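Asker: Compute the structure for the input listed below.
(4 chains)
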2 protein chains.
Amino acid sequence: MIISLDLQSESPLYIQLRNKIIEGIASKQLLPGEALPSVRTMAADLGVNMHTINKAYQLLKQDGFIHIHRQKGVVINPDSMPELNKEYLKNLTESLQPLISEAICRGMKVEEFLKISKELYHQLLTGGDQK
Amino acid sequence: MIISLDLQSESPLYIQLRNKIIEGIASKQLLPGEALPSVRTMAADLGVNMHTINKAYQLLKQDGFIHIHRQKGVVINPDSMPELNKEYLKNLTESLQPLISEAICRGMKVEEFLKISKELYHQLLTGGDQK
DNA sequence: TTATCTGTTATATTGATTGTATAACAGATA
DNA sequence: TATCTGTTATACAATCAATATAACAGATAA
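Answerer: Predicted structure coming up:
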């Protein structure tokens, strides 16, 4: 899976990386049990510092998306994915709230918002069908 | 309209304020032409610095949500709201992408995601019907 | 006229976040 | 033994978030 970071983006590099990997899992470009590059390799590939990669990996580990073995390396969680628990749902709602509020202000109808979300959902599921 | 900020939140105060005002417009708690407190008054009300308020107002002005007259003060844009233009739609998509990706990973079906969005949309429209 | 209100601008300071740069460590493996 | 893992510790620079004062121009109300 090819990953690139946007150095011009306002969102931090380690957040971008976290999201790209989650996106990879969602689209099955990254499969359960699949190995990820070591922090040093990934850092070299992306042209950023090792600690930036480590920060992203720690976030993913904390939520249960990946497993980290001190010697074996990093793999996509082979057994399960994090749950749809209350904390996550609260977080999701709080993230959606400002997006939907602004959409309403700009005159977007609920059907239009749902259409965009639905299309995005299916698009992410297949991920453009790249390897 | 009552506004409160969360000092513990990871999102900046001026972003929180921006979002609260947009939420107020969406729910019609803030109406076109309605005046907002001056930067100093709002700062005193919320217990934060004047410049924090000013930063939020500048963002809102830049997008066209409010008008600022150097002497008259700040009012909700009486004539129109910002459009559903390409730039905004691109921005919306980029914001939704990581949320939907994570939802997919956690096993949320598209129907469930759309249901949450739809309910949130209508909930924000009425805003709990407070003044 | 004077005092007070508006947004605006400038400057300085503090603290946290982001990202980089090195270095070292323990354990497994080739 | 050399090399690879993740981990940890420091240090540093740049940026961001937020505060603290202060001053200004213009409008308005006393």
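Asker: dump the residue contacts of the residue of chain A found nearest DNA strand D.
Answerer: Proximity of chain A to DNA strand D (CB to the nearest atom of the strand) peaks at residue A:38, 3.2 Å away. (Each C-beta comes from the backbone N, C-alpha and C, glycine too.) By CB atoms under 8 Å, 6 or more residues apart in numbering or on different chains, residue A:38 lies in contact with A:73-74.
Asker: Can you read off the pLDDT for it?
Answerer: Note for residue A:38: predicted pLDDT of 96.
Asker: For it, grab phi and psi.
Answerer: Phi and psi for residue A:38, reported as degrees, to the nearest 10, are phi -60, psi 160.
Asker: what's the answer for residue A:111, then?
Answerer: phi -60, psi -40.
Asker: ok, it to residue B:22 distance?
Answerer: Distance of residue A:111 to residue B:22, given as CB to CB, to the nearest Å: 21 Å.
Asker: same question, residue A:108
Answerer: 13 Å.
Asker: buried set for the host helix or strand of residue A:57?
Answerer: Using DSSP states H and E, residue A:57 maps to helix A:50-63. Under the neighbour-count criterion of 16 or more other CB atoms under 10 Å in any protein chain shown, helix A:50-63 has A:52-57, A:59-60, A:63 buried.
Asker: so where's chain A shaky on pLDDT?
Answerer: Chain A contains residues with pLDDT under 70 at A:128-131.
Asker: how about the helices of it, start to end?
Answerer: A:13-26, A:39-46, A:50-63, A:86-105, A:110-126 (DSSP state H).
Asker: can you tell me which of those helices comes nearest to residue B:29?
Answerer: Closest to residue B:29 of the helices of chain A is helix A:86-105 (CB to CB; 11.2 Å).
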